[in-house]
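Undergrad: Here you go, sequence then predicted model.
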Number of protein chains: 2
Amino acid sequence: MPEYKLIYFNARGRAELARWIFAYGGIPYTDERIEKADWPDKKKSIPGGKLPVLMVDDKPLPQSLAIARYLAKQAGLVPTDDLEAAYCDALADTLSDVTGEGYKIMFSSQSEEEKKKIYREEFFPNVMAPVLERLNKRLQDREWFIDDKITWADLMISLVFGEVRKRKAELLDAYPAVITLVQKVRDNAAIKQHQETAPDTPF
Amino acid sequence: MPEYKLIYFNARGRAELARWIFAYGGIPYTDERIEKADWPDKKKSIPGGKLPVLMVDDKPLPQSLAIARYLAKQAGLVPTDDLEAAYCDALADTLSDVTGEGYKIMFSSQSEEEKKKIYREEFFPNVMAPVLERLNKRLQDREWFIDDKITWADLMISLVFGEVRKRKAELLDAYPAVITLVQKVRDNAAIKQHQETAPDTPF
């Protein structure tokens, strides 16, 4: 097995999915967390200057979803059927789009009051709710996102909507099948242990 | 082989990579192009309400890169080595980020003069040039993005930077290895024929 080092800020953010996959797969790795103050200096040594980066035996792999998909293959969390793998990829891109929109609001220069209003009146009803709606419908007929086997798509669903639940649980009230999946993944022993031992960060 | 129908607007945009992969792989498909005027009506029938969508035997697959990766597997354009496949994925995500930034400027409400200024002073030097720089360095030592075999990453590089060349060829002057790859892919007989026969659209 190669030596893995995951480099990111001291946050869940765009690295947490990789950390969950490492945990689920029992794959050893170094979890390097960079403090904001050290980033301008460190940035020069990162090809592309963006985090997360996964070092695979000292060769850098950028892009959070490329990292997650690669690790998911090592952990047996990518379907071998091409079309099933593609549905996982599409779900991951869709959740990444949603998360990206959410971060954009979070890191904007608006006041907390304005941000709340945008989340409530634009982001949730127009961006997040339609995705939850389709996902809830799909999960009503299946044990996991891809029928009867767990994949990295399930880990990502649980990660993203578990974060939503932490902030405002009632947003998920209308989507019980999603809540069930969020909890089922978080009840996995390895994921649970990771959650309990990972540094406590605001996002 | 399943029946494929690719649904998108009458544009290259985010569907053209899939069309190139279809062409390169000699895979038959229906290229459904929706006129802007018909979109509000058609939108309701598209799960997720976003294009492109690939219909695979009447089952919808959304997300342009999930579509491209799936088709690339069918066309033999995805490396079988997991890490090589991951480098292609990371490159695709990076070029998609760059393209997304470009579209955001293109479709903003600013004047043409303001847009040109943003492209020239912000987008090109800060977003596109750093990617071109790294890519040019990598391609100096290799025949293709992954050593000696063509992958969907090469098709995407040629597509994205060939579009840049069409608009402002001199932006690529400092990146001769990228220019060589752009041309090498576009000289492929199947890609060439597709370019010559596809509808002529502004982007």
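TA: Looks like it came in fine. Residues are numbered from 1 along each chain as shown, chains lettered A, B, ... in the order given.
Undergrad: Could you count how many residues lie near residue A:184?
TA: Applying other C-beta atoms under 10 Å in any protein chain shown, we find 15 other residues in the vicinity of residue A:184. Placement of C-beta: from N, CA and C, glycine included.
Undergrad: ok, and the closest non-adjacent residue to it?
TA: Among residues not flanking residue A:184 along the chain, residue A:158 sits closest, at 7.5 Å (C-beta to C-beta, 6 or more residues apart in numbering or on different chains).
Undergrad: and what of residue A:183?
TA: Excluding the flanking residues, the one nearest residue A:183 by C-beta to C-beta, 6+ apart is residue A:158, at 7.8 Å.
Undergrad: pLDDT score assigned to the one you found?
TA: pLDDT recorded at residue A:158 is 98.
Undergrad: now do residue A:1
TA: For residue A:1, the predicted pLDDT is 88.
Undergrad: That one and residue A:29 touch, don't they?
TA: No: applying C-beta atoms under 8 Å, one finds residue A:1 not in contact with residue A:29, separated by 10.0 Å.
Undergrad: More neighbours: which of the two?
TA: More crowded of residue A:1 and residue A:29, by other C-beta under 10 Å: residue A:29, with 20 against 8.
Undergrad: Tell me how many other residues crowd the nearest residue to the more buried one once chain neighbours are set aside.
TA: Distances taken as C-beta to C-beta, 6+ apart place residue A:4 nearest to residue A:29, at 3.9 Å, with adjacent residues excluded. Neighbourhood size, residue A:4 [other C-beta under 10 Å]: 20.
Undergrad: Same check on the one 3 residues further on?
TA: Using other C-beta under 10 Å as the criterion, residue A:7 is surrounded by 19 other residues.
Undergrad: Give me the packing partners of whichever helix or strand residue A:168 is part of, helices and strands only.
TA: Secondary structure from DSSP states H and E places residue A:168 in helix A:152-168. Using 3 or more C-beta pairs under 8 Å, 6 or more residues apart in numbering or on different chains; DSSP states H and E as the contact test, the elements touching helix A:152-168 are helix A:16-25, helix A:64-74, helix A:82-106, helix A:176-186.
Undergrad: How far does the next helix or strand after the last one sit from its chain's centre?
TA: Right, the one you point to is helix A:176-186. Later in the chain than helix A:176-186, the nearest helix or strand by DSSP H and E is helix A:189-197. In terms of C-alpha atoms, centre = their mean, to the nearest Å, the gap separating the centre of helix A:189-197 from the centre of its chain is 15 Å.
Undergrad: do stretch A:31-38 as well
TA: From the chain centre to the centre of stretch A:31-38 is a distance of 19 Å (C-alpha atoms, centre = their mean).
Undergrad: Please report the number of neighbouring residues for the residue nearest to residue A:183.
TA: By other C-beta under 10 Å, the residues close to residue A:158 number 23.
Undergrad: Touching, it and residue A:185? I think so.
TA: Yes: using C-beta under 8 Å, residue A:158 is in contact with residue A:185, at 3.5 Å.
Undergrad: shared neighbours of the two, which are they?
TA: Here residue A:158 and residue A:185 have residue A:191 as joint contacts, going by C-beta atoms under 8 Å, 6 or more residues apart in numbering or on different chains.
Undergrad: Distance of residue A:67 relative to chain B?
TA: 7 Å (C-beta to the nearest C-beta, to the nearest Å).
Undergrad: Kindly report the same for residue A:47.
TA: Counting by C-beta to the nearest C-beta, the separation of residue A:47 from chain B is 7 Å.
Undergrad: ok but that residue is inside a strand, no?
TA: No: under the criterion used here (DSSP: H, G, I helix; E, B strand; the rest coil), residue A:47 is coil, not part of a strand.
Undergrad: burial of it, as a residue count?
TA: 13.
Undergrad: Wait, it touches residue A:60, no?
TA: Yes: if you go by C-beta under 8 Å, residue A:47 and residue A:60 touch, sitting 5.1 Å apart.
Undergrad: Give me the common contacts of the two.
TA: Applying C-beta under 8 Å, 6+ apart, one finds that residue A:47 and residue A:60 are jointly contacted by residue A:53.
Undergrad: Which residue ranges make up each domain of chain A?
TA: Taking automatic domain parsing as the criterion, chain A consists of the domains A:4-76+A:190-197, A:82-188.
Undergrad: what does chain A put close to chain B?
TA: A:47-49, A:56, A:59, A:61-63, A:65-67, A:69-70, A:73-74, A:82-83, A:85-87, A:89-90, A:92-94, A:130-131, A:134 (C-beta under 8 Å from any C-beta of the partner chain).
Undergrad: Select only the buried ones of those in ChimeraX?
TA: The ChimeraX selection below is limited to those of those classed as buried (16 or more other C-beta atoms under 10 Å in any protein chain shown):
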select /A:56,61,62,63,65,66,67,69,70,73,74,83,85,86,87,89,90,92,93,94,131
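Undergrad: How far off centre is the helix holding residue A:168?
TA: 7 Å.
Undergrad: in it, what counts as buried?
TA: Buried, per 16+ other C-beta under 10 Å, within helix A:152-168: A:152-162, A:164-165.
Undergrad: again, but for stretch A:8-16
TA: Of the residues in stretch A:8-16, those buried (16+ other C-beta under 10 Å) are A:8-9, A:11-16.
Undergrad: Next, give me the two most distant ones among those residues.
TA: Spanning the widest gap among the buried residues of stretch A:8-16 are A:9 and A:16, at 11.1 Å by C-beta to C-beta.
Undergrad: any weak-confidence spans in chain A?
TA: For chain A, no stretch is flagged by pLDDT under 70.
Undergrad: Show the end-to-end separation of stretch A:28-43, please.
TA: 25 Å (C-alpha to C-alpha, to the nearest Å).
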